[in-house]
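**Student:** this one's structure only:
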């Protein structure tokens, strides 16, 4: 497991050289030291383009295990798109448990519980105020551990987010009670795809993360590789069962070779609240499809 995690980080770092020339023309990331309550001592850097839109959108971009916010910024295209669209990107970093997001403890799996989710939510609130952002245009994305945390954020702070698009994660609460969230510390049942529940059971678990909440939940788009043997492919079905029940949208159809050859789009309801993407032959992780993310976000 250690080798796999370090291998993913090495792969990400190896990509930095390929994108540095494009990034060099952009603004640098800016570290933020105080955005409010930060109980788990997260770090934050932001990307604000030179021309910020009036009432801009905010994207929270969450790194994989072994990564950092700056590494995720260099291995995705969100900054380039921000220069065109005028939105602001938040790149937080987790420095605990092999730089994985905490998706296992009661603190983070509870609204206002004092875990990673609380710190991330406060980043969003700070950014909305700082940039006079549109609170109806706040989104979250991430890969692997970052996708796991994206699902958790949608469950614990649904009022903050309009939509989620993330890659190679698990259902919110899948790792609840695990001794850790990293490949080295976690109970392997979840990542191996063996934590199987009904949609109703997953929905009950999710709603318990924010007791008494009666508002709407964000639109969900989730991607997974069929050849993923690290966060195993059955986790896609568990995420889709969970959100299908929460959003009350049944499965309706598959669209093959969408958005590209070998990918199948799984459509729920009319496709405006929940879709999945199953990537044939793709392992861990599905590469970020930033243009598709922005389309899903309505940007």
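**Tutor:** Thanks, I have the structure now. All values derive from a computational prediction rather than experimental measurement.

**Student:** quick one: contacts for residue 123?
**Tutor:** Residue 123 makes contacts with 32, 35, 36, 42, 44, 60, 90, 92, as judged by Cβ atoms under 8 Å, 6 or more residues apart in numbering. Backbone N, C-alpha and C define where each C-beta goes, glycine included.

**Student:** try 6 Å
**Tutor:** Contacts of residue 123 were listed using Cβ atoms under 6 Å, 6 or more residues apart in numbering, and they are 35, 44, 90.

**Student:** that's a helix at it, yeah?
**Tutor:** Yes: counting by DSSP: H, G, I helix; E, B strand; the rest coil, residue 123 is part of a helix.

**Student:** Can you get me a residue count around the closest residue to it other than its chain neighbours?
**Tutor:** In this structure, residue 123 finds its nearest non-sequential neighbour in residue 35, 5.1 Å apart by Cβ to Cβ, 6 or more residues apart in numbering. Neighbours of residue 35 under the rule other Cβ atoms under 10 Å: 21.

**Student:** And for residue 85?
**Tutor:** 17.

**Student:** what about residue 59, which helix or strand?
**Tutor:** strand 58-62 (DSSP states H and E).

**Student:** Give the other helices and strands that that strand contacts.
**Tutor:** strand 88-93, strand 138-143 (3 or more Cβ pairs under 6 Å, 6 or more residues apart in numbering; DSSP states H and E).

**Student:** Tell me the buried residues in it?
**Tutor:** 58, 59, 60, 61, 62 (16 or more other Cβ atoms under 10 Å).

**Student:** Let me have the residues you listed in CSV, adding distance to residue 120 as columns.
**Tutor:** As requested, the buried residues of strand 58-62 are exported to CSV (distance: Cβ to Cβ, whole Å):
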residue, distance to residue 120
58, 12
59, 13
60, 7
61, 11
62, 8
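
**Student:** Show me which of those residues is closest to residue 136.
**Tutor:** residue 58 (10.6 Å; Cβ to Cβ).

**Student:** what residues does stretch 152-160 touch?
**Tutor:** So stretch 152-160 is contacted by 103, 111, 117, 121, 124, 138, 140, 161, 164, 172, 206, 209-210, 215, 217-218 (Cβ under 6 Å, 6+ apart).

**Student:** picking up where we left off before, out of the helices and strands packed on strand 58-62, which gets nearest to residue 185?
**Tutor:** strand 88-93 (18.1 Å).

**Student:** Partner strands of that closest one, with direction?
**Tutor:** Strand 88-93 pairs in its sheet with strand 43-47 (antiparallel), strand 58-62 (parallel), by DSSP bridges.

**Student:** Dump those into JSON lines; add mean pLDDT and distance to residue 289 as well.
**Tutor:** Formatted as JSON lines, those follow (pLDDT from 0 to 100; distance: least, Cβ to Cβ, whole Å):
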{"stretch": "strand 43-47", "mean pLDDT": "98", "distance to residue 289": "19"}
{"stretch": "strand 58-62", "mean pLDDT": "98", "distance to residue 289": "14"}
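
**Student:** Nearest to residue 258, out of the ones you listed?
**Tutor:** Using Cβ to Cβ, those put strand 58-62 closest to residue 258, at 23.0 Å.

**Student:** and the next element down the chain from the closest one?
**Tutor:** helix 69-74.

**Student:** which residue ranges form the helices in this structure?
**Tutor:** 2-24, 69-74, 78-85, 116-131, 145-156, 188-191, 199-207, 234-247, 290-297 (DSSP state H).

**Student:** Mean pLDDT for those helices - can I get that in a markdown table?
**Tutor:** Formatted as a markdown table, these follow (pLDDT from 0 to 100):
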| stretch | mean pLDDT |
| --- | --- |
| helix 2-24 | 38 |
| helix 69-74 | 98 |
| helix 78-85 | 97 |
| helix 116-131 | 98 |
| helix 145-156 | 98 |
| helix 188-191 | 98 |
| helix 199-207 | 98 |
| helix 234-247 | 98 |
| helix 290-297 | 98 |
